[in-house]
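*Asks:* Sequence and predicted structure, then a few things I'm wondering about:
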Protein chains: 2
Amino acid sequence: MDDIAPTPRTQIRRIPERGVYDRATIDAILDEGFLCHVGFVVEGQPFVIPTGYGRAGDRLYIHGSAASRMVRTLSSGVQVCVTVTLLDGLVLARAAYHHSMNYRSVVVLGTAVEVTDEHERLVALETITEHIIRGRWTDIRPPNPQEVKATRVLRLPIEEASAKVRTGPPVDDEVDYTLPYWAGVLPMRLQIGEPIPDSRLRPDVPLPAAVRGYRRA
Amino acid sequence: MDDIAPTPRTQIRRIPERGVYDRATIDAILDEGFLCHVGFVVEGQPFVIPTGYGRAGDRLYIHGSAASRMVRTLSSGVQVCVTVTLLDGLVLARAAYHHSMNYRSVVVLGTAVEVTDEHERLVALETITEHIIRGRWTDIRPPNPQEVKATRVLRLPIEEASAKVRTGPPVDDEVDYTLPYWAGVLPMRLQIGEPIPDSRLRPDVPLPAAVRGYRRA
């Protein structure tokens, strides 16, 4: 897969060795995350709103009600930033100054476009649903025409994007390695619990394979 | 604790019953999260950057190198949005349209101010370190004057803020409850793994109580 050439806006300048521009890394982070944080500006004030999303090739899809400020703002064709962050651990150094986190994040910049084509809108909704849980789309009631109409879908091309990745142990100043302080990494990951069936679930409906033993890539 | 009066900018308009404005809820979410997403604007383009933070009373502290674009931009006194999101589960409804997530999020709007007072800067660094892992500050080498000088600290008052919380089972259309599709919640939480000691750890240094059996509030 191709790399994305960093632009002056996506070039990682602080600790440049953490910057990653290859599409495989960017896509893997986007595909593992559940939530993105969407940044947009209203009257000079930035807003950062968490929401679901899905990726289909070079396109990020997000959706929402036509009544939401985020969706209304983005539909008007403004500049947007979509960030996905995965926390992998706490990095505990000997020095306070060198404490850090292990993480993988992606920033996508651009202008979102409202998807007006009804077929693409349906594809986007399938993409967003399948992003949350693969195999779900064929095991639910699909959106009816009214629901498709009530949903606005926004498309953001994955063109101007970069990833930032920190892995591994703490890095202390050489003189500090002899200090009597514990140092290392406390790993973290998203844990998936036991499914909680809805209290009104039909008793003859089994737990689907997509939910049973659900794991994130 | 007092409530925060919603402003036109923090009032939850979409699904208003999810809006929460009491300080206890807002503080609990801020105290449980590890990462915030900071939104700021450079030449009309919003940026959303993940970073650590800490809370001391009515103040949010974030920090970074004087070389970082985020810190430089925020130091100039621009409007900022800090968002913290905790993902609690996937909400799987019978209808695609009613799929959702259980989450708790806080949005803080305002203008960050650079902390110039050296004592407050040190307090802020302690707050940020203790936010990650309580009890750590007394078990590390504290920042030396050069490190304190190299770190810029930003303070954002928790004045204009709101939380948004979704909990509980899916809510389907009444007619859909008879459909033969599985519905329920797949809970998620941050799992803390076994500490990985640094390969250069002094062999006589035990695992501190703050790290051993670490749990998030």
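*Replies:* The structure has been received and is ready for your questions.

*Asks:* State which strand of chain A is the longest.
*Replies:* Across chain A, the strand with the greatest residue count (assigned by DSSP state E) is strand A:79-92.

*Asks:* which of the residues in that strand are buried?
*Replies:* Residues A:79-92 are the ones in strand A:79-92 that count as buried (16 or more other CB atoms under 10 Å in any protein chain shown). Quick note: C-beta positions are derived from backbone N, CA and C, even for glycine.

*Asks:* Any regions of chain A where pLDDT drops low?
*Replies:* A:1-2, A:217 (pLDDT under 70).

*Asks:* can you pull out the strands in it?
*Replies:* So, for chain A - with DSSP E - the strands run A:19-20, A:35-42, A:45-52, A:54-56, A:59-65, A:79-92, A:100-111, A:113-114, A:151-157, A:160-166, A:184-192, A:196-197.

*Asks:* of those strands, which approaches residue B:131 most closely?
*Replies:* The closest of those to residue B:131 is strand A:79-92. By CB to CB, the value is 10.8 Å.

*Asks:* That closest one near chain B at all?
*Replies:* Yes: residues of strand A:79-92 contacting chain B under CB under 8 Å from any CB of the partner chain: A:79, A:80, A:81, A:82, A:83, A:85, A:87, A:89, A:90, A:92.

*Asks:* From residue A:44, how far off is the spatially closest residue to the first one that is not a sequence neighbour?
*Replies:* Closest residue to residue A:79 in three dimensions, ignoring its sequence neighbours and counting by CB to CB, 6 or more residues apart in numbering or on different chains: residue B:45, at 5.0 Å. Plainly put, residue B:45 is 13 Å away from residue A:44 if you go by CB to CB, to the nearest Å.

*Asks:* ok, now residue A:96?
*Replies:* Taking CB to CB, one finds residue A:96 at 36 Å from residue A:44.

*Asks:* who's more crowded, those two?
*Replies:* residue A:96 (22 against 9; other CB atoms under 10 Å in any protein chain shown).

*Asks:* so the more buried one touches residue B:125, yeah?
*Replies:* Yes: in this structure, residue A:96 is within contact of residue B:125 by CB atoms under 8 Å, at 6.4 Å.

*Asks:* joint contacts of these two?
*Replies:* Common contact partners of residue A:96 and residue B:125 (CB atoms under 8 Å, 6 or more residues apart in numbering or on different chains): residue B:143.

*Asks:* In the lengthiest helix in chain A, which of the residues would be classed as buried?
*Replies:* If you go by DSSP state H, chain A has its longest helix at helix A:118-132. Neighbour-count burial for helix A:118-132 flags A:120-132 (criterion: 16+ other CB under 10 Å).

*Asks:* swap in stretch A:24-41?
*Replies:* A:25-30, A:33-41.

*Asks:* Report how far apart the opening and closing residues of it are.
*Replies:* Stretch A:24-41 has an end-to-end distance of 30 Å (criterion: CA to CA, to the nearest Å).

*Asks:* Centre of the chain to that stretch, how far?
*Replies:* Remark: stretch A:24-41 is offset 3 Å from the chain centroid, using CA atoms, centre = their mean, to the nearest Å.

*Asks:* Also stretch A:171-189?
*Replies:* Remark: stretch A:171-189 is offset 30 Å from the chain centroid, using CA atoms, centre = their mean.

*Asks:* Does chain B have contacts with that stretch?
*Replies:* Yes: Stretch A:171-189 is in contact with chain B by CB under 8 Å from any CB, via A:176-189.

*Asks:* I'd like to know which of those are buried.
*Replies:* A:176, A:179, A:181, A:182, A:183, A:184, A:185, A:186, A:188.

*Asks:* got a list of what the residue lying closest to the first one once chain neighbours are set aside touches?
*Replies:* Across the structure, with CB to CB, 6+ apart as the measure, the residue nearest residue A:176 apart from its sequence neighbours is residue A:94 (4.6 Å). Shown here is residue A:94, whose contacts under the criterion CB under 8 Å, 6+ apart are A:170, A:172, A:176, A:177, A:179, A:181, A:183, B:140, B:141.

*Asks:* Among the residues you listed, which lie within helices?
*Replies:* Going by DSSP H, the helices hold none of these.

*Asks:* can you name the two of those that are farthest apart?
*Replies:* A:177 and B:140 (13.4 Å).

*Asks:* In this structure residue A:51 contacts residue A:61, no?
*Replies:* No: the pair residue A:51 / residue A:61 is not scored as a contact, 10.8 Å apart, by CB under 8 Å.

*Asks:* can you list the residues of strand A:79-92 next to chain B in JSON lines and add distance to residue A:150?
*Replies:* Shown next, in JSON lines, are these (distance: CB to CB, whole Å):
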{"residue": "A:79", "distance to residue A:150": "26"}
{"residue": "A:80", "distance to residue A:150": "22"}
{"residue": "A:81", "distance to residue A:150": "26"}
{"residue": "A:82", "distance to residue A:150": "23"}
{"residue": "A:83", "distance to residue A:150": "27"}
{"residue": "A:85", "distance to residue A:150": "30"}
{"residue": "A:87", "distance to residue A:150": "34"}
{"residue": "A:89", "distance to residue A:150": "41"}
{"residue": "A:90", "distance to residue A:150": "42"}
{"residue": "A:92", "distance to residue A:150": "48"}
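
*Asks:* Fine by me, we can end here.
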